[in-house]
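Engineer: Build me a model from this:
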Amino acid sequence: MGNRIPNKRYGFFLGSFLITLLLYIDRVCISSAKDSISSDLNLNDIQMGWVLSAFALGYAIFQVPGGAMGDKYGVRKVMTTIMVIWSVFTALTGAAWNYVSMLSARFVFGAGEAGAFPNISRAAYSWVPLKERGIFQGINFSGSRLGAAFALPLVAYLIDAWGWRPIFYFFGFIGLLCSLLFYLLFRNKPEQHSGISEIERDFIVKNRQQEMETAHEDLPLTQIIKSKNVDLAMIQYIGSNFIFFFMLTWLFPYIKEKYELNLVATGFYAMLPLIAGAVGNWVSGFMVDTIYKTGKWKLSRQLPAIIGFCLVVIGILSSLYMETALGAVGCLSIAIFGADMTLSPSWSFCMDIGKEHSGKVSGMMNMAGNLGAFATALAFPYLQSWTGSNDPFFFLAALLGVIAIICWIFMDSTKPITNEN
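Structural biologist: Have a look, this model is predicted:
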């Protein structure tokens with residue numbers, strides 16, 4: 001009987017993959033354009049650090065409001081609005097004329113993107129059967145890595161051909177088209193979608209995590225903050241985002257300068273860790289679901305994440321001893337493979353404990369993680385300026401990975417926030 005169940009729900013999987021693909025293409029454009037922007041606007045590395053961190057700050061601040069609005073008003077309306085805002089400010093990045101205008105555009109761009117992943121998580125709570133939650137998150141986040149990976153050499157090539165400003169106008173227009181398609185095709189629940197058969201709809205409803213009788217009651221922010229599970233999830237996610245945001249922002253100029261590479265060659269080197277991250281998402285998603293099917297719910301979240309953070313520490317520290325660009329990038333690819341192994345269990349964990357409030361809960365975790373990203377964008381240039389070396393940054397990233405491993409040992413996905421004690 002199970003083999004005859006239609007699989008139209010996989011259209012939701014594909015849609016979320018494509019959204020995250022676009023989201024990260026828009027996000028990573030500025031890394032490839034860093035030298036051109038710095039030259040045109042007369043910005044030094046410290047100022048560019050603030051430009052990069054402005055995105056992360058706006059993104060972090062609006063995580064919880066974005067997730068909470070999806071919980072309250074429905075993902076369809078909120079996500080469409082989010083896509084319109086981030087697309088408009090992608091385009092406006094290309095219109096920046098000085099340091100302040102660039103800072104402002106990137107901050108609002110970050111704020112606009114903020115609710116995207118919490119709303120996808122909230123939609124997944126309604127659309128994804130519990131036993132498919134891991135692979136969904138793996139597919140979803142692999143879109144972000146592949147988008148960033150292929151954007152780096154593509155944007156580097158287009159900058160050579162077009163200049164940096166038209167790149168942002170082009171991707172902003174693409175985003176507006178995608179927001180229209182999303183509104184026309186998506187529905188908040190499979191029960192509301194005319195394209196889902198009754199057989200498949202019943203299968204999803206019976207196998208997804210069940211809502212509690214208090215589903216429509218608000219979950220106070222104070223209760224979320226007091227949750228040990230949420231606090232640990234937030235801390236470990238800082239470790240994951242700290243090293244990953246380096247790959248999105250400073251890796252490109254770092255290896256370009258250190259190994260004296262040209263623009264396009266740097267783009268191809270910089271895409272390798274991101275491809276490794278996509279593979280890490282798939283491996284982790286498969287592990288999460290495979291372990292869960294054995295009846296070990298808690299271990300299905302813990303084991304992939306702990307293995308992932310071990311690889312983060314090994315990869316980061318090993319990269320310091322590499323003398324070639326390929327060697328350094330290879331080690332950093334191991335680190336990003338590991339960092340992305342932590343994403344499927346992290347977001348599945350938020351859905352496990354947040355349930356019908358998973359938008360708000362995942363927003364809290366992502367807010368903390370992106371405060372880590374905010375710190376990354378500033379820590380790299382400032383530590384280099386203070387110490388004359390990039391090594392302290394990588395030692396700090398490895399330390400955060402060790403702390404994250406300790407957090408996962410004490411996290412328990414079987415205890416929802418509403419009944420944690």
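
Engineer: And the pLDDT for Phe107?
Structural biologist: The model reports Phe107 with a pLDDT of 94.

Engineer: list the contacts for it?
Structural biologist: Residues near Phe107 by C-beta atoms under 8 Å, 6 or more residues apart in numbering: 54-55, 57-58. Backbone N, C-alpha and C define where each C-beta goes, glycine included.

Engineer: Output those residues as CSV; include the columns secondary structure, distance to Asn188 and neighbour count.
Structural biologist: Shown next, in CSV, are the contacts of Phe107 (DSSP: H, G, I helix; E, B strand; the rest coil; distance: C-beta to C-beta, whole Å; neighbours: other C-beta atoms under 10 Å):
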residue, secondary structure, distance to Asn188, neighbour count
Ala54, helix, 32, 22
Phe55, helix, 28, 30
Leu57, helix, 30, 21
Gly58, helix, 26, 23
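
Engineer: Taking those residues, tell me the two that lie furthest apart.
Structural biologist: Pairwise distances across the contacts of Phe107 peak at 7.4 Å for Phe55 and Leu57 (criterion: C-beta to C-beta).

Engineer: Can you tell me the element Met322 falls in?
Structural biologist: Under the criterion DSSP states H and E, no helix or strand holds Met322.

Engineer: related to what we said a few turns ago, now, among the contacts of Phe107, which is nearest to Ile403?
Structural biologist: Of these, the one sitting nearest to Ile403 (C-beta to C-beta) turns out to be Leu57, at 22.1 Å.

Engineer: got the contact list for the closest one?
Structural biologist: Counted by C-beta under 8 Å, 6+ apart, Leu57 has contacts 107, 110, 371, 374.

Engineer: Would you quantify the distance from it to Glu257?
Structural biologist: 25 Å (C-beta to C-beta, to the nearest Å).

Engineer: ok, now Ala373?
Structural biologist: Going from Ala373 to Glu257 by C-beta to C-beta gives 22 Å.

Engineer: Name the nearest of the contacts of Phe107 relative to Leu22.
Structural biologist: Distance to Leu22, by C-beta to C-beta, is smallest for Phe55 among the contacts of Phe107, at 15.7 Å.

Engineer: Can you say which helix or strand has the residue nearest to the closest one when sequence neighbours are not counted in it?
Structural biologist: Once flanking residues are discounted, Phe55 sits nearest to Gly110: 3.8 Å by C-beta to C-beta, 6 or more residues apart in numbering. Using DSSP H and E, Gly110 sits in helix 99-113.

Engineer: Quick one: mean pLDDT for the next helix or strand along the chain from that helix?
Structural biologist: Later in the chain than helix 99-113, the nearest helix or strand by DSSP H and E is helix 116-127. Average pLDDT, helix 116-127: 87.

Engineer: contacts for helix 116-127?
Structural biologist: Under the contact criterion C-beta under 8 Å, 6+ apart, helix 116-127 has outside partners 9, 12, 16, 19-20, 23, 63, 66-67, 70-71, 75, 78-79, 82-83, 86, 133, 136-137, 140, 186, 188-190, 204, 208-209, 347, 350-351, 355-356, 358-360, 362-363, 366.

Engineer: just checking, which of those residues belong to helices?
Structural biologist: Those of the contacts of helix 116-127 mapping onto helices are 12, 16, 19-20, 23, 63, 66-67, 70-71, 75, 78-79, 82-83, 86, 133, 136-137, 140, 204, 347, 350-351, 358-360, 362-363, 366, per DSSP state H.

Engineer: From Gly285, how far off is the residue lying closest to Ser362 once chain neighbours are set aside?
Structural biologist: Once flanking residues are discounted, Ser362 sits nearest to Cys350: 3.9 Å by C-beta to C-beta, 6+ apart. Cys350 sits 15 Å away from Gly285 when distances are taken as C-beta to C-beta.

Engineer: Please pick the buried ones from the contacts of helix 116-127.
Structural biologist: 9, 12, 16, 19-20, 23, 63, 66-67, 70-71, 75, 78-79, 82-83, 86, 133, 136-137, 140, 186, 188-190, 204, 208-209, 347, 350-351, 355-356, 358-360, 362-363, 366 (16 or more other C-beta atoms under 10 Å).

Engineer: Please report phi then psi for the residue lying closest to Phe62 once chain neighbours are set aside.
Structural biologist: Excluding the flanking residues, the one nearest Phe62 by C-beta to C-beta, 6+ apart is Ala114, at 3.6 Å. Main-chain torsions, Ala114, degrees, to the nearest 10: phi -50, psi -40.

Engineer: Is it correct that Ala114 is in contact with Ala68?
Structural biologist: No: assessed by C-beta atoms under 8 Å, Ala114 is found out of contact with Ala68, at 11.3 Å.

Engineer: ok, the residue nearest to Ser179 when sequence neighbours are not counted - contacts?
Structural biologist: Distance criterion C-beta to C-beta, 6+ apart; nearest residue to Ser179, sequence neighbours excluded, is Met83 at 3.6 Å. Contacts of Met83 were listed using C-beta under 8 Å, 6+ apart, and they are 19, 116, 175-176, 178-179, 182.

Engineer: Out of those residues, list just those in helices.
Structural biologist: Filtering these for helices - DSSP H - leaves 19, 116, 175-176, 178-179, 182.

Engineer: Which pLDDT value goes with Ser197?
Structural biologist: 87.

Engineer: Looks like Gly369 contacts Ile243 (just checking).
Structural biologist: No: in this structure, Gly369 is not within contact of Ile243 by C-beta under 8 Å, at 11.2 Å.

Engineer: Which one of the contacts of Phe107 is nearest to Ile334?
Structural biologist: Within the contacts of Phe107, proximity to Ile334 (C-beta to C-beta) peaks at Phe55, which comes in at 26.4 Å.

Engineer: who's in contact with that closest one?
Structural biologist: Shown in contact with Phe55 (C-beta under 8 Å, 6+ apart): 27, 30, 106-107, 109-110, 377.

Engineer: Likewise for Asp26?
Structural biologist: So Asp26 contacts 86-87, 90, 109, 113, 171-172, 175 (C-beta under 8 Å, 6+ apart).

Engineer: out of these, who has the most neighbours?
Structural biologist: Ranked by neighbour count (other C-beta atoms under 10 Å), those have Thr90 at the top, with 30 neighbours.

Engineer: wait, that one sits on Arg165?
Structural biologist: No: the criterion here is C-beta under 8 Å, and Thr90 misses it with Arg165 at 11.7 Å.

Engineer: what's the angle between the helix or strand containing Ile25 and helix 116-127?
Structural biologist: Assigning secondary structure by DSSP H and E places Ile25 in helix 10-32. Calculated by axes from the mean of the first three to the mean of the last three C-alpha atoms, to 10 degrees, helix 10-32 forms an angle of 170 degrees with helix 116-127.
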